[in-house]
Every structure is written in structure tokens, then in C-alpha cells.
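Q: coords please:
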Amino acid sequence: MIRRVTLAIGAGTLIAAPSSAAAPATLPSPFVPLADVPPLRASTALTETRFPGRLSSSQLVRVTIDSTGRPFRVVDVDRIVIARKGDYSFVVAAPVEDVRRTAGSGSEPGLRAGAVVWQGFSPRRRVVAASITLRTRVAVPALPLRVEIDGSAVQLVNATSAAATTVDAIIPAASLAGALDAAKAALEAGAPTPAPVVEATGAVRGVRLLARVPLKVRGTIRYAGRPPRQVAAVLGAAPVRIDGSGDLKELELSVSVPEPASVLRPPGARHWLDLASSGRLPGGRRGTRLAVNRLLAAALALQYRQFLPNPDLNGSTRSSYRYELAERVRAPLAARSDDGSGWLVPLALALALAGALACALVLWAHS
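A: Coordinates of the predicted model:
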């Protein structure tokens, strides 16, 4: 879930303090979004929202790309579980082009501008599921992976990066560890908390960082006349390049985003405080940078786990992504003309037919 929380301290935290005094420093909150999207949203008319219990959403985002890697179709298969008995009425706000019920859905989805509508009664537990075709131009900027195809070379690029202004300060390792452990526990409990405030020694400066969440990519690619090749990679800042020979015939990739709490898992220990007490967690600016990077990555992971918003702000959401190579089908010229001239072709045909009839009548009259 993604909820904006009020920061415990204002922007004054980033103002430098005298080097001889302790100063409060606000670390990032994993519950504050870094990027505008995801989740995708759309403005829609207000509607009654009610449902019994909690809503859990699992989403499979299917991305179809062309021979250059450019996406031309994005479909979110959204499966929502209503956990208790009672009436429900809610919408999934999104840039929707079309929606279709999928197998196993307990009711039929409705479509309105900027929303998928669900209404009905849950006898005890009900699953509602739909295949939601999204407006490609709006959906693409929210995707976590970018595929670049140049001939037989395929490059996979982590597209989750987002810039953030945060703190650069000398903070004791124990304080950093306490903040990381608390943030991890809050993510595991699904209970948003304010941004952690810790005491820094000396000046607290503002710094601009580029954060990203690691992506696990698995799948296959196949070139003409060759057997499929397995792809398995963890994408961070550096892209992964796959070189082949011949025409690329098939590409199927599954992309998973880590659980936000797992991003804050300490290496080789159960708790960050264990690392701090053993001296394995550095203090000072180096430790602060480590903690800040982990907290920002957890915030991004929370966003990319929810491609479309869950109508239940306190509900759970899990999104995974699948990329597939396909041939882009071009629409007929008249059908895909968007400059207002699509009517010229049928008009010309009608005028030609009328002219032919007139000539036939003249010839008949003089025969």
C-alpha cells in the first residue's frame, strides 16, 4: 500500500547547524513515494466506496513490445479478493481503454472514463478479476524495465530510478540501525510511520541522490535457427546487454520487484542493531548514505509493487511484470487516420460511383 505520511520535521532539518552542536536529521520514509508513478491513476467522478474487510490485489502487468523494444500494448490482469461477507462497490481508477472479465471472477466489471467499476455482494469471500487494457502512452512511463533492441543486440535497463533530496550527515551507527529496524518492522506490518528523526553530530546538509530498486529478470530469448537462451539477471544501475546473431524471433521476460521489507534486510544478521553492536555497520556519512539508499529503494519497491491503485488504502497489493515480443499490427490507413481526413476515401468512392451512374443514364437516353 502507498500512503503519504506527514514528515515528523519540516524542511528546516536540511539547514546546516553549527559543527559543534547536535542537530536533528530526518531520514527518508519508505512510505513516501519518490516518483509520480506508479501507481497509475486517473481522475474520475466520485462514487460510493464500500467493501467488507480488507481488499488484496494481485496484478500481472503484460507488456507487448515491438522489434525495437518499444511497448505498444499494456494490459493489467488485476485480481482482487474481498475477504468477508457484504455488499461492495468500488472503482479502480486508471487510464483504461478497455476491460474484460477474466476466468474465476465473481462479477462483471463496469467501464467508465478513467475507472473500472466493481459492484455486487460477497457471500463470504469473493474474487473479482479483470483484464484491463491501459492507454499505452500513459502506462509506459510507469513500467520498471526498458528493453532496447538494436538488430541482434538486446539491452535491459532498470527504469525505476528517481531523484530525491535527502540528508548527508554524521550519524552514529546505533541511531541508523534503530531507524532501519523500525522501518523494516513497519513495512512488514503494513503500518505507515513518520519519517525517522535521529541526532546528527555537526552539520546536516541536503544532498540530491538517484535511487532505484533492484529488479530480478528471468526468461528466454531466441534467435532464428538457434535454441532458446535463458536470461537470469538482477538489474541495478548498470544495464545488462545480450548479444546474439541473426534475427530475434522470441523474447519473454518476467520481472519481479522485491518485497519492500526485504530491501531493508540487514546482510548477515537478523537486525541492523546486531550489525551496529558488532561494528559491521559504519557510522558517520558513509553509514548515513547506506541507510538513506536502502530506505529510498524500499520506497520505490513499495510503489512498483502497486501498478494500479488498490481501492483499499490499507489493503495489500502485489504486482509482477511480463514482457513479450510480438509483431505490431498496423491498422488500415482510413481507420488509423487521426487528422480528420479519414472520411475522404469513402467520399471519393461515393462521388466516383455517382459519376459513373450519371454517365450511364446519359448514354441510355441517347441510345
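Q: next, count neighbours for residue 225.
A: By other CB atoms under 10 Å, 9 other residues sit near residue 225. Heads up, the C-betas are built off the backbone N, CA and C, glycines and all.
Q: I misspoke; the intended subject was residue 247.
A: The burial count for residue 247: 12, using other CB under 10 Å.
Q: excluding chain neighbours, what is closest to it?
A: residue 224 (4.3 Å; CB to CB, 6 or more residues apart in numbering).
Q: quick check: phi and psi on that neighbour?
A: phi -60, psi 130 (degrees, to the nearest 10).
Q: now swap in residue 141 and tell me
A: Dihedral angles for residue 141 - degrees, to the nearest 10 - are phi -60, psi -20.
Q: least confident secondary structure element in this structure?
A: Every helix and strand of the chain was ranked by mean pLDDT, DSSP states H and E. The lowest is helix 333-336, at a mean of 50.
Q: quick one on the thing from earlier: which residues touch the residue nearest to residue 247?
A: Residue 224 sits next to 246, 247, 248, 249 when contact means CB atoms under 8 Å, 6 or more residues apart in numbering.
Q: pLDDT weak spots in this protein?
A: 1-21, 44-46, 331-367 (pLDDT under 70).
Q: and it, what are its domains?
A: Domain assignment for the chain by automatic domain parsing gives 11-325, 333-365.
Q: related to what we said a few turns ago, for PyMOL, write the selection for the buried entries among the contacts of residue 224.
A: PyMOL command restricting the contacts of residue 224 to the buried ones, with burial defined by 16 or more other CB atoms under 10 Å:
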select buried, resi 248
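Q: out of the contacts of residue 224, which are inside strands?
A: 248, 249 (DSSP state E).
Q: show me which of the contacts of residue 224 is closest to residue 160.
A: residue 248 (24.6 Å; CB to CB).
Q: what bridges to the closest one?
A: residue 223 (DSSP bridges).
Q: and it, how far from residue 221?
A: For residue 248, the distance to residue 221 under the criterion CB to CB, to the nearest Å works out to 7 Å.
Q: now do the shared contacts for these two.
A: residue 154.
Q: so who does the residue nearest to residue 284 when sequence neighbours are not counted touch?
A: Counting by CB to CB, 6+ apart, residue 170 is the residue found nearest to residue 284 once chain neighbours are left out, at 5.0 Å. Applying CB under 8 Å, 6+ apart, we find residue 170 in contact with 200, 201, 202, 283, 284, 285, 288.
Q: please apply the same query to residue 196.
A: Going by CB under 8 Å, 6+ apart, the list of residues near residue 196 reads 8, 26, 27, 29, 178, 179, 182, 183.
Q: kindly report the same for residue 175.
A: Contacts of residue 175 by CB under 8 Å, 6+ apart are 198, 199.
Q: and residue 114, by the same measure?
A: 42, 43, 44, 93, 94, 95, 96.
Q: farthest-separated two in those?
A: Between any two of those (CB to CB), the greatest distance is 12.4 Å, for 43 and 96.
Q: more neighbours: which of those two?
A: The neighbour comparison of residue 43 against residue 96 (other CB under 10 Å) goes to residue 96, with 24 against 9.
Q: how close does that one get to residue 207?
A: 39 Å.
Q: ok, now residue 77?
A: Using CB to CB, we find residue 77 at a distance of 40 Å from residue 207.
Q: ditto for residue 276
A: Separation of residue 276 from residue 207 (CB to CB) stands at 22 Å.
Q: when the two are compared, which one has more neighbours?
A: residue 276 (24 against 15).
Q: is the more buried one in a helix, a strand, or coil?
A: helix (DSSP: H, G, I helix; E, B strand; the rest coil).
Q: what sits against it?
A: 173, 174, 176, 177.
Q: could you pick out the buried ones from these?
A: 173, 176, 177.
Q: buried stuff in the helix or strand where residue 251 lies?
A: Here residue 251 sits within strand 248-256, counting by DSSP states H and E. By neighbour count on 16+ other CB under 10 Å, the buried set for strand 248-256 is 248, 251, 253, 255, 256.
Q: next one: stretch 172-191
A: Quick answer for stretch 172-191 (16+ other CB under 10 Å): 172-173, 175-181, 183-184, 186-187.
Q: distance from the chain centre to that stretch, please.
A: Relative to its chain's centre, stretch 172-191 lies at 24 Å (CA atoms, centre = their mean, to the nearest Å).
Q: same question for stretch 292-301.
A: On CA atoms, centre = their mean, the centre of stretch 292-301 falls 15 Å from the chain's centre.
Q: when you give positions from now on, start the count at 854
A: In the new count, where the first residue is 854, that last one comes out as stretch 1145-1154.
Q: what does that stretch contact?
A: Against stretch 1145-1154 from outside (CB under 8 Å, 6+ apart): 880-888, 1013, 1015, 1017, 1019-1020, 1032-1033, 1036, 1040, 1062, 1064-1067, 1110-1114, 1116-1117.
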